[in-house]
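> curious how this folds, go ahead:
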Amino acid sequence: MDLNSIILYLNAIGFGIGGAVTLILSAYSDYWSRKHLLVTISIAVYGACSIPCYWLQGYTLHNFDALTALWILFAVLTFVIMAVLSMYIPHCMRKIATNESSLDTDGAKRHARRKYGVTMTIFGQISNQIGSVLLLVVVMILTQTLTGTAATSAGLLITSIVGFITVAGSLGALWGLPAVPARHWSSGAAWYEPVVELVRPLQDLVRRKNMAFLLIAYTIYVDTLFAVSSVSGQLFVAEIRPGALEYSLYSLAQVLCIIGCQDMFLWVRPHLPFSLEKWLIAGYAISLVLPIWGLIGFASVKFGWKTRWEFYVVTFISQLSQAFANTAWKVLFSELIPVGSEVRWLTLQVVLSCGTVWVNYVASAPLQNATHELRFPLIISLVFLCFPVVMELARCNLRVFREDKEKWERAEREDDQESQSEQGSQALQGTIIVDGHMKH
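I've put the predicted structure just below:
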């Protein structure tokens, strides 16, 4: 069976199971007052699953089955960790605007929230990528200095070592993360309420038009760009046929581009008079270059993802697009999330992504297995990447979205005033959160 088609099927299974797990998280996690335990458990389990990798070196059916199962498990855990860690962005943005007494206008509070959110998001991504750089460098050194089986299994060895370190380091998440407010679960709720909670996050999409458009457009962007990147990676192997060292260098170049583009965005953004909405549109628009470039390769020319230098330039363009879009979207979306619904809304993006992206993989896998032609998915990708640009332009310019935003901003101001008037009694009795609103 074609190896690429196996990868497509594994991705489809990972997205399907990941969607189901994150849907449960989106429905119930916000009711738990100790959500930092969910972060700790997720990180510890991820590390524990990495430990056995070194002992799966042999070319046996048992090892193949184990590695495919771990592939799927890593995908599911990645979705969970992405969702639960992101809840701290809206929480900290809200805190910074509340704690700064000098912020006496809505505009000043919005500016402070966005500035802090952008910095927090970028530094989180850069910190993660610095760890990736260190791992890749170590693997490359071991691959070049060792011989035989020891050289080819260097990545598995490092994965197991990092697994031990991750399990031990997860304790830091237990003691170092702040508490995020929880929603109140009524003790007199009907027996069917837990089942209703599974679909309630989807009901919220109908009520909040701005959040729905932001969420759907970004999900289309993420899913489609993931497919484009998958095609790019497979074509790099098929066209360039890199050795182990070059493939590691190519992976290292991707990580360095992420760090460089994020740093550049952090430095350039304050000096340009563009709102985050415009940066988001720019990020979406830049991504259109990628499938167009790749589709040129259908022609009988030595261009269109066929030469070595092209793949490195494509990597830079892809990471530049993501630096703009990912950072701007997380901040714009986070400032709209109501108190006590952080996990629900941020997990909902993962749920939608998992619920849609796997269809493309299942549809593409048989075609890939029969034709071995890698560029066909780029056609539909080009079409889909146009939608986020149009949707964000509509969200920024149509009156219906301005009215929706003003509606929920008024509700937030009322909540702030009510919480301030009840501050004394809340200190004694605690805060109860119902449907994203602060109640005494």
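
> now His36: how far from Leu174?
His36 is 7 Å from Leu174, where distance means Cβ to Cβ, to the nearest Å. All C-beta spots, glycine's among them, are computed from the backbone N, C-alpha and C.

> more crowded one of these two?
His36 (20 against 15; other Cβ atoms under 10 Å).

> tell me the confidence at the more buried one?
Model confidence at His36, expressed as pLDDT, equals 81.

> go on, Ala238?
87.

> ok, now which ones touch it?
By Cβ atoms under 8 Å, 6 or more residues apart in numbering, the contact list for Ala238 reads Leu374.

> what packs against the helix or strand where Gly169 lies?
Using DSSP states H and E, Gly169 sits within helix 154-176. Contact analysis of helix 154-176 by 3 or more Cβ pairs under 8 Å, 6 or more residues apart in numbering; DSSP states H and E lists helix 35-50, helix 106-145 as its packing neighbours.

> what does it rub up against?
For helix 154-176, using Cβ under 8 Å, 6+ apart, the contacting residues are 36-37, 39-40, 43-44, 46-57, 135, 138-139, 142-143, 146.

> restricting to C-alpha, output it in PDB.
Output of helix 154-176 as PDB, limited to C-alpha atoms (Å, rounded to 0.1, in the frame of the first residue of the first chain):
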ATOM      1  CA  ALA A 154      18.400   8.700  16.900                       C
ATOM      2  CA  GLY A 155      15.100  10.400  16.600                       C
ATOM      3  CA  LEU A 156      13.300   7.600  18.600                       C
ATOM      4  CA  LEU A 157      16.000   7.800  21.300                       C
ATOM      5  CA  ILE A 158      15.600  11.600  21.700                       C
ATOM      6  CA  THR A 159      11.800  11.200  21.700                       C
ATOM      7  CA  SER A 160      12.000   8.800  24.600                       C
ATOM      8  CA  ILE A 161      14.400  11.000  26.600                       C
ATOM      9  CA  VAL A 162      12.100  14.000  26.000                       C
ATOM     10  CA  GLY A 163       9.200  11.900  27.200                       C
ATOM     11  CA  PHE A 164      10.800  11.400  30.600                       C
ATOM     12  CA  ILE A 165      11.600  15.100  30.800                       C
ATOM     13  CA  THR A 166       8.100  16.100  29.800                       C
ATOM     14  CA  VAL A 167       6.500  13.900  32.500                       C
ATOM     15  CA  ALA A 168       8.700  15.400  35.100                       C
ATOM     16  CA  GLY A 169       8.200  18.900  33.800                       C
ATOM     17  CA  SER A 170       4.400  18.600  33.800                       C
ATOM     18  CA  LEU A 171       4.600  19.300  37.600                       C
ATOM     19  CA  GLY A 172       5.400  22.800  36.700                       C
ATOM     20  CA  ALA A 173       2.100  23.200  35.100                       C
ATOM     21  CA  LEU A 174       0.400  21.900  38.300                       C
ATOM     22  CA  TRP A 175       2.000  24.600  40.500                       C
ATOM     23  CA  GLY A 176       2.600  27.500  38.100                       C
END
